[in-house]
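S.K.: can you look at this prediction? I've put the sequence above it.
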Amino acid sequence: MLPDPPATDDTADAAPSDEADELALEPTLTRSEPLPPEVVPLTEPAEGVPPVVDTPEALERVVAAFGAGTGPVAVDAERASGYRYGQRTYLVQLRREGAGTALIDPIALPDLSTLSEALVGVEWVLHAASQDLPGLAEQGLRPSRVFDTELGARLLGLERVGLAAVVAELLGLGLAKEHSAVDWSTRPLPEQWLRYAALDVEVLVELREILAERLAVAGKAEWAAQEFEAVRLAPPPPPRVEPWRRVSGLHAIRDARRLAVVRELWTTRDENARQRDISPGRVLPDHAIMAAAQALPRSVPQLVALPAFSGKGTRRRATLWQQAIDRGLALPDSELPSVRGPRSDAPPPPRAWPDRDPAAAARLAVARDVVAALSAEHSVPTENLLQPDLLRRLCWTPPARLDEESIAAFLTAGGAREWQVSLIAPRLAAAFAQAATD
């Protein structure tokens, strides 16, 4: 799958943490490495663009064909991020040897469980599976086994892990990207978009074979298997606490009354966007919410005088937004949101550690050095060796004994995979012991 469009509202994923950036391994090319292969554009599916499957009868034929196919099945999904509310799937693409390619409309056919049942025991090949599996599950599509080509590329230390980049590097083929950010809720879908969608699964199985071979040669096949299973079994993320705090630029507001206005505007926007099935950022941009919270207009004329509310759409609903602002202004002090944010068991930002807990800061410095060294040694990004949040938690609230067994138990309880624990726990224990004697 190719990337979603840039985030325009608070439903988008959070940006990577500073710690992940600090730990990121910078790949380098050496003179001994081969030049990348010449890239040949992949412009047409081998059997052409199939018709969209949007009737029960057509779905029955697809189920029979894919159930009779052989080998893994390539799977992809397209959403309408930035256009529609939420992360609903608007097109499902599959390809399997002996069955060809199928493009299925999950809006017309919301229950695809019969297809899932026909593929029990079959390995599903996806790129960035964690992005697609939740939406596919809503259609009743749940794999028995997964091979994630993005995760495989990460474990191999590839410099770029987007689908187009990995296909270009390993297969020498060029996937077009011009339709990656379109509105996939459009009906009917244009022919050129369907061609793009079919090409996304055209070479996934071939890519899987190359990655699997390289992972085996690198001694990372078992690592990959554990990662793939963790992705397949991952539960849905819990609901965010106070999701309105994800409004872009909120860090600039340190006043509880203005925070209340942000909360009321965000809640009103979210409900309006849900009712209209439109991305919240298209209903009211974050920068407009921030502008209103800073200015605190007391009337509709004052509100629409703000540049951020001068557009036709925002002016049309100016009364709705002003009512939200008025609610925030009228709240009693006892109901205002905390300036500090919701209580959390997460460690504080590492920049505060030297003052709040120097010993924890020293542990984190040692641990980061260990993870960075392992990253370079095994050519695996640090965030794939161990989640930065779990590493921080280990250093902030460590077990009573920082020996290998206790560290391994802590990491396992935090969700680390067996390969990660066996690789990192002994090195951390040795480094902590050495630091204690220095």
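M.R.: Arrived safely, thanks for sending. Numbering: from 1, shown residues only.
S.K.: centroid residue for the chain?
M.R.: Gln131 (5.4 Å; CA atoms, centre = their mean).
S.K.: helix/strand/coil for it?
M.R.: Put simply, Gln131 is helix when judged by DSSP: H, G, I helix; E, B strand; the rest coil.
S.K.: could you dump stretch 178-193 to PDB, C-alpha only?
M.R.: Below are the C-alpha coordinates for stretch 178-193, written out as PDB (Å, rounded to 0.1, in the frame of the first residue of the first chain):
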ATOM      1  CA  GLU A 178       0.100   9.700  -8.400                       C
ATOM      2  CA  HIS A 179      -3.200   8.200  -7.100                       C
ATOM      3  CA  SER A 180      -2.000   7.500  -3.500                       C
ATOM      4  CA  ALA A 181      -3.800  10.500  -2.100                       C
ATOM      5  CA  VAL A 182      -7.100  10.400  -4.000                       C
ATOM      6  CA  ASP A 183     -10.600  10.100  -2.500                       C
ATOM      7  CA  TRP A 184     -11.200   6.400  -2.700                       C
ATOM      8  CA  SER A 185     -14.800   6.900  -1.600                       C
ATOM      9  CA  THR A 186     -15.600   8.200  -5.100                       C
ATOM     10  CA  ARG A 187     -18.100   6.100  -7.000                       C
ATOM     11  CA  PRO A 188     -17.600   5.000  -9.700                       C
ATOM     12  CA  LEU A 189     -13.900   4.700  -9.300                       C
ATOM     13  CA  PRO A 190     -12.000   6.000 -12.400                       C
ATOM     14  CA  GLU A 191     -10.300   3.400 -14.600                       C
ATOM     15  CA  GLN A 192      -6.800   4.900 -13.900                       C
ATOM     16  CA  TRP A 193      -7.400   4.600 -10.200                       C
END
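S.K.: helix, strand, or coil at Val73?
M.R.: Assigned with three-state DSSP, Val73 falls in the strand class.
S.K.: equivalent analysis for the one 3 residues further on, please.
M.R.: Each residue gets one of three states, and Asp76 gets strand by three-state DSSP.
S.K.: for it, what are its contacts?
M.R.: Listed by CB atoms under 8 Å, 6 or more residues apart in numbering, the contact set of Asp76 reads Met1, Val92, Gln93, Leu94, Leu126, His127, Asp132, Ala197, Asp200, Val201, Leu204. For glycine as for every other residue, the C-beta is placed from the backbone atoms N, C-alpha and C.
S.K.: separation between it and Glu202?
M.R.: Here Asp76 is placed at a distance of 10 Å from Glu202 (CB to CB, to the nearest Å).
S.K.: again with Arg343
M.R.: 49 Å.
S.K.: show the pLDDT at the residue nearest to the centre of the chain.
M.R.: We have a pLDDT of 96 for Gln131.
S.K.: what's the answer for the one 10 residues further on, then?
M.R.: Per-residue confidence for Leu141 comes out at a pLDDT of 98.
S.K.: got a list of what it touches?
M.R.: Leu141 touches Val75, Val92, Leu112, Ser113, Leu115, Ser116, counting by CB under 8 Å, 6+ apart.
S.K.: quick one, helices of the stretch 1-150 of the chain?
M.R.: Here the stretch 1-150 of the chain has its helices, by DSSP state H, counting those that start in this stretch, at 18-23, 56-68, 113-118, 129-138, 149-155.
S.K.: could you tell me the least trusted of the ones you listed?
M.R.: The minimum mean pLDDT among those belongs to helix 18-23 (a mean of 39).
S.K.: and Arg96, how far from Ala108?
M.R.: Between Arg96 and Ala108 the distance is 22 Å, computed by CB to CB.
S.K.: cool, and His179?
M.R.: 21 Å.
S.K.: more neighbours: which of the two?
M.R.: Neighbours were tallied for His179 and for Ala108 using other CB atoms under 10 Å; the higher tally belongs to His179 (19 against 14).
S.K.: ok, the more buried one touching Leu199?
M.R.: No - His179 is not in contact with Leu199 according to CB atoms under 8 Å; the separation is 9.9 Å.
S.K.: okay, and the common contacts of these two?
M.R.: By CB under 8 Å, 6+ apart, no residue touches both His179 and Leu199.
S.K.: returning to what we had before: closest one to Gly48 among the helices of the stretch 1-150 of the chain?
M.R.: Gly48 sits nearest to helix 56-68 of all the helices of the stretch 1-150 of the chain, at 15.8 Å, using CB to CB.
S.K.: quick one: distance of stretch 215-229 to the chain centre.
M.R.: Stretch 215-229 has its C-alpha centroid displaced from the chain centroid by 21 Å (CA atoms, centre = their mean, to the nearest Å).
S.K.: next, the buried residues of that stretch.
M.R.: Leu215, Ala218, Lys220, Ala221, Trp223, Ala224, Ala225, Glu227, Phe228 (16 or more other CB atoms under 10 Å).
S.K.: quick one: which of the residues you listed is nearest to Pro348?
M.R.: The closest of the buried residues of stretch 215-229 to Pro348 turns out to be Glu227 (CB to CB; 29.5 Å).
S.K.: residues in contact with that closest one?
M.R.: Contacts for Glu227 were tallied using CB under 8 Å, 6+ apart; they are Asp148, Leu151, Leu155, Asn384, Arg417.
S.K.: noted, bye for now.
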